[in-house]
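J.: got a predicted structure plus its sequence, pasted below:
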Amino acid sequence: MGGMKMKILIVSYVDDNFGDNLIRICFEQLLRVVLRNLGLSENECQIEKMPLKSIDADLVAGADIIFFAGGGLFGMSYLNFFPFLDSITKLADEKGIPVVFSSIGINNMNATADGEQALKTILRRKCIKAVSVRENLDFFKTYAKGCDFRIESVCDPAVWTQYIYHLRATRKTRTIGINVVRGGLFKDNQKDWGMTDELRYLDDLRKRLEADGFSCIFYTNGSVLDNNTLHYFAREYKIPEQNLVYPQTTREVVETVAGFEAVATFRMHSSIIAYAFGIPSVALVWNDKIPFFYDNIGHPERALVFENWDAKIVFEQITAILDTKETEKLDPEYLMSLYNFLYRTVLEQCEKAQDTPAYTFETVAAALAADAKRIEKEDTFDLRVKLEKAEKHYLARFTELRRKDGEIRKYQREIEARKKECDRCREDLRLCREQMQAQKETLQKQKEELDGLNRMLAVRVCRRLKRKTK
């Protein structure tokens, strides 16, 4: 390891969908406990963070070890993170820096030969030392065939949310959280379901729940586009303001979900947060990562396939769950799968790590709770991300409006030109009509003169004939 202080770089996908930010927050807090467990103090370790899509080559080159914190980075879908993963791992390979992929999501939705080859290329770099996936382990192994690093199946870091934030579920009785997402999410994931379908579903579910005495709170995971959909739904269906939550930070998403008795969700991290607080959830499956999570927590029936995207089915699922009066129970072994992976990886890759016994679940949970104040600064980071994303959307909208305004002005000029041309044509037509009228009048006069001449000629002919007959 280079330098006196070990430099650890955490790479994560940063977004205003705060489920992505929650992954990194939880991962970093767990990693700090692992470092402490292995005798590595904060004086010996320096943790740096880098957004996946804002690569800082100097930060990468200066690291002693690089961790990818989790999320759907190996997804074969429209997000396409591979160019960024390729750039970072290629630089790490050149510098001989060990790289660890942790709690990575992988799916084969809309897979292309290029995407599959990109993943194989990345995995075959010597810098890759360990990989853990949160879903689809067997599928991942087909791409990692022949690689000699350790591959494990672990939980998503966010299942530790309750301990990371040191919060308890408030669980307001008979209050159901209903998650709202952008309408385009479904089309992006090959589901023939638009925003109109979503809004009808949301309203139908609300009516069924309210008729049964439940209170419905509509919320998002924070995304500007999700929020826009919720604003539109609230306006069109006249949803009271007190029944709407637009989270501005990761903490607000966590606190919001922690207040429900049950959740009807789209976003996977709403499901994960609910599980972390022992709150039951039912999800509509728009991506194959969702059923894997529900399989892992022992409730595959709560992940509804596309054919069952129906408010009646969701309502019946939620009420049946609540009627049992059973509370969700966290599985310590499931949660510790990630901690133990990180513990073994740091021990193997960090020379200064002391081979001490791994903490128990209770010790890890207590250490995370004690560190909860550390993440208060994350609220400011989230707000900056949200503001930056909102500004980008505003800029895109502003640019689009400017473009359309330019097109409108162009069309207006064309209309003016055409109008002048029409005016000229009308004037030409008027002149033609006047000329035609004048010609008609001339012709009429000529006809009258000709008729007069014909009459005169006829009279003369008659007179001559009379004279000859005499």
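T.: Yep, it's here. Residues are numbered from 1 along each chain as shown.

J.: look at the residue nearest to residue 201 when sequence neighbours are not counted and report its pLDDT.
T.: In space, and not counting its chain neighbours, residue 201 is closest to residue 311: 5.4 Å by CB to CB, 6 or more residues apart in numbering. In this view, the C-beta of every residue, glycine as well, is placed from N, C-alpha and C. We have a pLDDT of 98 for residue 311.

J.: is it correct that residue 311 is in contact with residue 205?
T.: Yes. Using CB atoms under 8 Å, residue 311 is in contact with residue 205, at 4.0 Å.

J.: who's more crowded, those two?
T.: Shown here are residue 311 and residue 205; by other CB atoms under 10 Å, residue 205 has more neighbours (23 against 18).

J.: so that one touches residue 313, yeah?
T.: No. Between residue 205 and residue 313 there is no contact under CB under 8 Å: 9.9 Å.

J.: stretch 198-215: which residues count as buried?
T.: 198, 199, 201, 202, 205, 206, 208, 209, 214, 215 (16 or more other CB atoms under 10 Å).

J.: quick check: which element contains residue 198?
T.: Assigned by DSSP states H and E, residue 198 falls within helix 195-211.

J.: quick one: list the elements packing against the helix or strand just after that helix.
T.: Next in sequence after helix 195-211, counting helices and strands by DSSP H and E, comes strand 215-219. Packing partners of strand 215-219 (3 or more CB pairs under 8 Å, 6 or more residues apart in numbering; DSSP states H and E): strand 175-179, helix 195-211, helix 224-236, strand 244-245, helix 250-257.

J.: and with 10 Å instead?
T.: Applying 3 or more CB pairs under 10 Å, 6 or more residues apart in numbering; DSSP states H and E, one finds that strand 215-219 contacts strand 175-179, helix 195-211, helix 224-236, strand 244-245, helix 250-257, strand 262-265.

J.: related to what we said a few turns ago, I'd like to know which elements the helix holding residue 198 is packed against.
T.: strand 175-179, helix 184-188, strand 215-219, helix 224-236, strand 262-265, helix 311-323.

J.: run the chain-centre distance for stretch 119-129.
T.: Distance of stretch 119-129 from the chain centroid (CA atoms, centre = their mean, to the nearest Å) equals 27 Å.

J.: same check on stretch 70-89?
T.: 15 Å.

J.: hmm, residue 280 is touching residue 328, no?
T.: Yes. Residue 280 lies in contact with residue 328 (CB atoms under 10 Å); the separation is 5.6 Å.

J.: give me the distance between residue 282 and residue 372.
T.: 29 Å (CB to CB, to the nearest Å).

J.: ok, residue 39 to residue 403 distance?
T.: In terms of CB to CB, residue 39 sits 59 Å off from residue 403.

J.: residue 64 now?
T.: Taking CB to CB, one finds residue 64 at 47 Å from residue 403.

J.: which pLDDT value belongs to residue 109?
T.: pLDDT at residue 109 comes out at 62.

J.: out of residue 282 and residue 372, which sits in the more crowded spot?
T.: Comparing residue 282 with residue 372 by other CB under 10 Å, the one with more neighbours is residue 282, at 25 against 14.

J.: show me how far the helix or strand hosting the more buried one is from its chain's centre.
T.: Taking DSSP H and E as the definition, residue 282 sits inside strand 281-284. Taking CA atoms, centre = their mean, the mean C-alpha location of strand 281-284 is offset from the chain mean by 18 Å.

J.: from the contact counts, what lies against it?
T.: strand 175-179, strand 262-265, helix 268-276, helix 289-296, strand 303-304, helix 311-323.

J.: looking at those, which one is packed in the most?
T.: helix 268-276 (a mean of 28; mean count of other CB atoms under 10 Å).

J.: and it, what's its mean pLDDT?
T.: Helix 268-276 carries an average pLDDT of 97.

J.: are there helices or strands packed against that helix, and which ones?
T.: In terms of contacts (3+ CB pairs under 10 Å, 6+ apart), helix 268-276 is packed against helix 18-37, helix 161-164, strand 175-179, helix 250-257, strand 262-265, strand 281-284, helix 289-296.

J.: closest one to residue 339 among the ones you listed?
T.: Proximity to residue 339 (CB to CB) singles out helix 18-37 among the helices and strands packed on helix 268-276, at 5.9 Å.

J.: shared neighbours of residue 311 and residue 205, which are they?
T.: By the contact definition CB atoms under 10 Å, 6 or more residues apart in numbering, residue 311 and residue 205 are jointly contacted by residue 264.

J.: neighbour count for residue 64 and residue 403, which is higher?
T.: residue 64 (20 against 10).

J.: what separates the helix or strand containing residue 409 from the chain centre, distance-wise?
T.: Element membership for residue 409, per DSSP H and E: helix 378-469. Taking CA atoms, centre = their mean, one finds the center of helix 378-469 at 52 Å from the center of the full chain.

J.: isn't residue 122 right next to residue 116, touching?
T.: No. Contact criterion CB under 10 Å: residue 122 and residue 116 do not qualify, at 11.1 Å.

J.: contacting residues around the closest residue to residue 38 other than its chain neighbours?
T.: Leaving aside its sequence neighbours, residue 38 sits nearest to residue 353 (CB to CB, 6+ apart; 4.1 Å). By CB under 10 Å, 6+ apart, the contact list for residue 353 reads 6, 34, 35, 37, 38, 39, 40, 44, 343, 345, 346, 347.

J.: and the least confident of the residues you listed?
T.: In terms of pLDDT, residue 44 ranks lowest among the contacts of residue 353, with 90.

J.: okay, now the unreliable bits of the stretch 351-470 of the chain?
T.: Per-residue confidence for the stretch 351-470 of the chain (pLDDT under 70) gives these ranges: 470.

J.: redo that, cut-off 80
T.: Where the stretch 351-470 of the chain drops to pLDDT under 80, the residues are 386, 389-398, 401, 468-470.

J.: make a markdown table from the buried residues of stretch 198-215 and add pLDDT and distance to residue 259 to it.
T.: Conversion of those to a markdown table gives the following (pLDDT from 0 to 100; distance: CB to CB, whole Å):
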| residue | pLDDT | distance to residue 259 |
| --- | --- | --- |
| 198 | 97 | 23 |
| 199 | 97 | 24 |
| 201 | 98 | 23 |
| 202 | 98 | 19 |
| 205 | 98 | 18 |
| 206 | 98 | 17 |
| 208 | 98 | 21 |
| 209 | 98 | 16 |
| 214 | 97 | 14 |
| 215 | 97 | 11 |
